[in-house]
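S.K.: Sequence and predicted structure below; questions after.
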Amino acid sequence: MAEITLVEAINLALAHELARDPEVVVLGEDVGVNGGVFRATAGLQERFGQRRVLDTPLAENMIGGISVGMATQGMKPVAEIQFMGFIYPALDHLLSHAARMRNRTRGRLSCPMVLRAPYGGGIHAPEHHSESTEALFAHIPGLRVVIPSSPARGYGLLLAAIRNPDPVIFLEPKRIYRMVKQEVADDGEALPLDVCFTLREGSDITLVSWGAMLHETLEAADRLAAQGVSAEVIDMATLKPFDGATVLESVAKTGRCVIVQEAARTGGFGSEIAALLAEQGLMSLFAPVQRVAGYDTVMPLPRLEAHYMPSVDRILAAAKNALEYA
Amino acid sequence: MAEITLVEAINLALAHELARDPEVVVLGEDVGVNGGVFRATAGLQERFGQRRVLDTPLAENMIGGISVGMATQGMKPVAEIQFMGFIYPALDHLLSHAARMRNRTRGRLSCPMVLRAPYGGGIHAPEHHSESTEALFAHIPGLRVVIPSSPARGYGLLLAAIRNPDPVIFLEPKRIYRMVKQEVADDGEALPLDVCFTLREGSDITLVSWGAMLHETLEAADRLAAQGVSAEVIDMATLKPFDGATVLESVAKTGRCVIVQEAARTGGFGSEIAALLAEQGLMSLFAPVQRVAGYDTVMPLPRLEAHYMPSVDRILAAAKNALEYA
Amino acid sequence: EGSPVRFLGPGGSLTQALPDQALQGDELLEGYRFMVLTRLYDTKAVNLQRTGQLGTFPSSLGQEAATVGLALPMRPEDVLCPSYREHGAYLRRGVTLTEMLLYWGGDERGSDFAGPRGDLPVAVPIATQALHAAGVAAAFKLRDEPRVAVGVCGDGATSKGDFYEAINLAGVWKLPLVMVVINNQWAISVPRTAQTAAPTLAHKALAAGIPGEQVDGNDLIAVHHAMQSALATARGGGGSTLLELITYRMGDHTTADDARRYRPDAEVSAHWKEDPIARLRSHLTEQGLWDKAREEALLEELNSRVEAAVEEYLATPQQPPTAMFDHLYAELPPALQAQRDALAGEVPRG
Amino acid sequence: EGSPVRFLGPGGSLTQALPDQALQGDELLEGYRFMVLTRLYDTKAVNLQRTGQLGTFPSSLGQEAATVGLALPMRPEDVLCPSYREHGAYLRRGVTLTEMLLYWGGDERGSDFAGPRGDLPVAVPIATQALHAAGVAAAFKLRDEPRVAVGVCGDGATSKGDFYEAINLAGVWKLPLVMVVINNQWAISVPRTAQTAAPTLAHKALAAGIPGEQVDGNDLIAVHHAMQSALATARGGGGSTLLELITYRMGDHTTADDARRYRPDAEVSAHWKEDPIARLRSHLTEQGLWDKAREEALLEELNSRVEAAVEEYLATPQQPPTAMFDHLYAELPPALQAQRDALAGEVPRG
Ligand SMILES: Cc1ncc(C[n+]2csc(CCOP(=O)(O)OP(=O)(O)O)c2C)c(N)n1
Ligand SMILES: Cc1ncc(C[n+]2csc(CCOP(=O)(O)OP(=O)(O)O)c2C)c(N)n1
Ligand SMILES: [Mg+2]
Ligand SMILES: [Mg+2]
């Protein structure tokens, strides 16, 4: 079993599904010979041919729209949007059609498609290459929004997303594409969607996050452990529909919750978790919920980027607030 | 002073600004001779001419994009999107450019534009004509999202939106376009943006809403008053950036809060208010925050539409829960 | 500008010799039946709306040759990706009158076609179906299936990015797509001339490197002929064609519109001379294929079909409110169970 | 397909007589200077990126005639709406080397041009600037100002809805817009042939009812000439033109790309024969306007300008972190004050 990175795990899952299901096709800009600007589709066109791995003309609205059309006929398009910053032209087809085709036709037609996009900041990229707007998609009924945070979850969740009979927005935290390696067996075992993963059990405080920020969140949990604080760490993994029960149970146990997101604070997905707690977990809370989030500004260009990204220190400060609250 | 409806107030404000500021232009599909499908621009082309009131070809992405271009040169485009369900193709230009032009150029260029769209359900309209996706826009740094809930606020807030030097998404609750009439003086007095309006003071419970749902919310407050419960009713009015302080103050007084939104529950703007309370108002809360919201489904076609819309009864049931909580 | 292909003049007589494989005999009569059925349905639907028994409805009055004609030469296994005004095409494809009434009456079950299971439902957001059609065509091509996707949109739709992106892809991927533009001269209140400076909408094909042709959309024989050859080209691997069908929207945009606000009655009445149904009837009569008795019998037969469908539609009980949850995902996610339960527990409202 | 307008052959000699108003003498030399400056800047920027002193950078190597030439006949009051690879155009418009380095070095202040205050900043999302340009042109037209908007995009961009929507509007509104497509044959790894089946990108103008022309984009005289007349037409109320400038992307897509993965070295080296700078230099030499000494003097002068700019760029202190709040809105909304304060209180990180 090889140790692989997240982006290699994505590639492995794509290859697995291309081999397993003839209806799966991979499409997008530069996914063919070039293997994707992050190499997520490297080697796939060579291995599976130009009818399974297709370079499209440059038009994200088109990529969204034809994926819907293909999916209505039972194909399983796995489309890549090169960066999340270029996903917006595709929103209309995702929101108005992919998310609604099954409902609209009472199940006669459906949209078993996946739209993959690398997302998030922290890689010193140009403008529009650092977006974290997952909350926009998590508000759309009929969609699934899935975000892996490790190579193993990248592999298992992408298999699940491709096999899922409904449309999935699969957001890949590019900052950790190559950050860690992990043993991942190419065993075709999908992970469950619609559930959280408790990455670390703890009893004093619950830290909730998803995607790349779990890296900082887990580090914060380590640092808290060193201070004698037992932090439970939850990876939301599927943001839509989301597993509030696991979060509520955890907070019922710990009484304190810090939510960590890279996205702009206001209207981010963290707000939904905080709202859930205000509505259904209020009496478990010993301290106010704390959101550690990106600021409500545009992600700055690289020179100031690091000041925007939530840091371990900010997570620790929020945890301290929650723990010391009396 | 004439009694006018909300849609007439919109028309009045548009006319006022067209007359006052030569840089203001109104553009969109069918806004000219036809006066808009809801008559919001009725008579404006006749009065101000074809260079001030422009029918565009049918392309919302184009409407968004050219508005950005015009605004960078100091014009003040007031664009209409015929229904909010057709706003999504324009999202890219709003999010990627309108919201960022000032920041990107350190203030050299800016986007003083307004994008108006009728929104919300309850009028037995066809598919895609009943959207309430204001939360998508309220997550975007650099935008303003403004929603009037009465003729007077329609007039005053639209004046403010047009005069504002930054891009404003102005969402008009079409269900109440003609529901009530109110005396509105055409005095050119703008209302303030970025603040809530407390429509009714009360001491037992805070009801927060915006747009058309204030109709049901105020009715619920009346019914509560009849039961001896004093409800404070807050109209959020500007959702981005929003006035959390007023909500926090109110809840500090009442200890109970019901948030009413027509939009799908998960990731709606109500979640942001609930999150604010979980974070900064927790110790004021005597009872869990309650969200009364649209379901996390697609707005059904007219035959089942009424079952989707939050009702006075649902608001009252939530208020009862909050009031009886001990 | 442009001179659309035409075989039947407004009076119903031939303007040129019919080509091989032109629509004739029983098939031509079949086309006529569908056109008449479309008009009866259309008229009835507008009446139902006026009396509060149907939702907002887009009449296809005057466009019956275009909508029926585009569907006539399609094979059952082809896929139709229409806009919202193609009632004639749906009927010919086997969508039932009751289904269509249910849809426009505000019931999702109207899009669960018992007949053409692969056809797409009504697309309300303008031009989006052009890309769906390109996607459907891509699926056929990738699977090596000899099937064709037919996308249909209006003149207004040709201004929107989706339209261009779809035909551009169809050109470069040589997709089995026939893209049909029903140019009825108006997009609500905006006339064709205000949409584009292109001399014809068929010219837009040049930007995609595919053939484009203007066809008299009120001439069933011409529409059928152009469609038939475009379908054959697509099916044979020859790629995509753009057809611009020239017609006229005789009615308001929808029942929510009042066209007198923006176009003179005289313009409308002038177009009655082009009426596709009268034109075809004259031709059929000239050919000895039709007479008054047959017309009366047909009207009686179709009227009662329409009446029966209206009855069935009006008698269809509404879905339970919880139906709004039941087809959102293949399986109801646990996160939605509580909402569904809450809705199930609500006192029914109207 | 297509035969681009050209005056200078690859060897630098004239392929046809120069038209009236062709670029010549001092102006031609001025164009040459900007092309050389562009190349020096470009080379330096790539080096800075390789040594960790600049962010991801898109080289314009080989495209200098196109980018300089399109800007040369523009008036100061015209507005340039570029994509991201038009360094030569920005330089000619008066954007400083330091500003450009700051931008690509990751500092927003690089887009606060001291010179051309109305020009748009770099547009990263492909083709979006085409619509901004149409909007700018609409503003000029509505105000009756004799100004022209110049939109610039790549070959890949012509597949995206924005592009078509922009030229379509420009056609039907007769906007003072010159839309320039720099066809460098590649969109990252996707060749021009995979973007569209249209015989030339200039053909796309036909869909918009505007004139379209292919021009040799490596021939400064040809680019200037085509731009000059398109600008004059637009300024005179004659509406919009689409120009396709044929060139070649000699470098990687950006410093983050490795073009050897998807195109053979031989293809690239073959294109060096078309090098716009060598071509123009030969022509100037032939004309007796240039010699080795002048070339050396020019290189020395421009190199030191570039070096000075690099120094200034590297010495520019970064903005305070709170700057990320300071231009989001015209005034900081109260709701953001707490966030800004929190950021101000943070321990600086790198
Ligand atoms: C994206 C989008 N924008 C706006 C509308 C509102 N609308 C409905 S029909 C229509 C005009 C369509 O004109 P055309 O394409 O010519 O089709 P026709 O109605 O004439 O059949 C408009 C603007 C819509 N449905 N979708
Ligand atoms: C909307 C959008 N999609 C994708 C990208 C990523 N991307 C950057 S440049 C590029 C290729 C552009 O090709 P072309 O238009 O020919 O311009 P060139 O880079 O050759 O100058 C792509 C796909 C982007 N910036 N914007
Ligand atoms: Mg039309
Ligand atoms: Mg290119």
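M.R.: Ah, there it is. Ligands and ions are numbered 1, 2, ... in the order given.
S.K.: From the structure, what's the count of residues near the closest residue to A:Ala293 other than its chain neighbours?
M.R.: Nearest residue to A:Ala293 in three dimensions, chain neighbours excluded: A:Arg265, at 3.8 Å (CB to CB, 6 or more residues apart in numbering or on different chains). (Glycine included, C-beta is placed from N, CA and C.) A:Arg265: 22 surrounding residues under other CB atoms under 10 Å in any protein chain shown.
S.K.: C:Leu298 now?
M.R.: Neighbours of C:Leu298 (other CB under 10 Å): 17.
S.K.: can you tell me which residues contact it?
M.R.: C:Arg33, C:Val36 (CB atoms under 8 Å, 6 or more residues apart in numbering or on different chains).
S.K.: ok, the residue nearest to A:Ala293 touching A:Arg291?
M.R.: Yes: counting by CB atoms under 8 Å, A:Arg291 is a contact partner of A:Arg265 at 6.0 Å.
S.K.: Which neighbours do the two have in common?
M.R.: The contact lists of A:Arg265 and A:Arg291 share A:Ser271, where a contact means CB under 8 Å, 6+ apart.
S.K.: For burial, what's the neighbour tally of the residue in the stretch 151-300 of chain A positioned nearest to chain C?
M.R.: With CB to the nearest CB, the shortest gap between the stretch 151-300 of chain A and chain C falls at A:Pro241, namely 3.7 Å. A:Pro241: 22 surrounding residues under other CB under 10 Å.
S.K.: Can you verify my assumption that C:Val68 contacts C:Arg92?
M.R.: Yes: between C:Val68 and C:Arg92 a contact is recorded at 5.5 Å, counting by CB under 8 Å.
S.K.: neighbour count winner among these two?
M.R.: Using other CB under 10 Å, the more surrounded residue of C:Val68 and C:Arg92 is C:Val68, with 31 against 25.
S.K.: What residue, apart from its backbone neighbours, is nearest the closest residue to chain D within the stretch 51-200 of chain C spatially?
M.R.: For the stretch 51-200 of chain C and chain D, the shortest gap (CB to the nearest CB) falls at C:Gly161, measuring 1.8 Å. Distances taken as CB to CB, 6+ apart place D:Gly161 nearest to C:Gly161, at 1.8 Å, with adjacent residues excluded.
S.K.: show me where chain A has helices.
M.R.: A:6-20, A:44-48, A:60-72, A:91-92, A:101-104, A:134-138, A:151-163, A:213-226, A:244-254, A:269-280, A:302-308, A:312-324 (DSSP state H).
S.K.: Pick the most deeply packed of those helices.
M.R.: With neighbours taken as mean count of other CB atoms under 10 Å in any protein chain shown, these reach their highest mean count in helix A:60-72, at a mean of 30.
S.K.: how far out from the middle of the chain is it?
M.R.: In terms of CA atoms, centre = their mean, to the nearest Å, the centre of helix A:60-72 is set 21 Å apart from its chain centre.
S.K.: swap in stretch C:302-311?
M.R.: Centroid displacement of stretch C:302-311 relative to its chain, using CA atoms, centre = their mean, is 20 Å.
S.K.: For that stretch, output the C-alpha coordinates as PDB.
M.R.: As requested, the backbone C-alpha atoms of stretch C:302-311 are provided in PDB (Å, rounded to 0.1, in the frame of the first residue of the first chain):
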ATOM      1  CA  LEU C 302     -59.700  16.600 -30.800                       C
ATOM      2  CA  ASN C 303     -62.000  18.900 -28.900                       C
ATOM      3  CA  SER C 304     -63.300  16.000 -26.900                       C
ATOM      4  CA  ARG C 305     -59.700  14.700 -26.300                       C
ATOM      5  CA  VAL C 306     -58.900  18.100 -24.900                       C
ATOM      6  CA  GLU C 307     -62.000  18.200 -22.800                       C
ATOM      7  CA  ALA C 308     -61.300  14.800 -21.500                       C
ATOM      8  CA  ALA C 309     -57.800  15.800 -20.600                       C
ATOM      9  CA  VAL C 310     -59.000  19.000 -18.800                       C
ATOM     10  CA  GLU C 311     -61.400  16.800 -16.800                       C
END
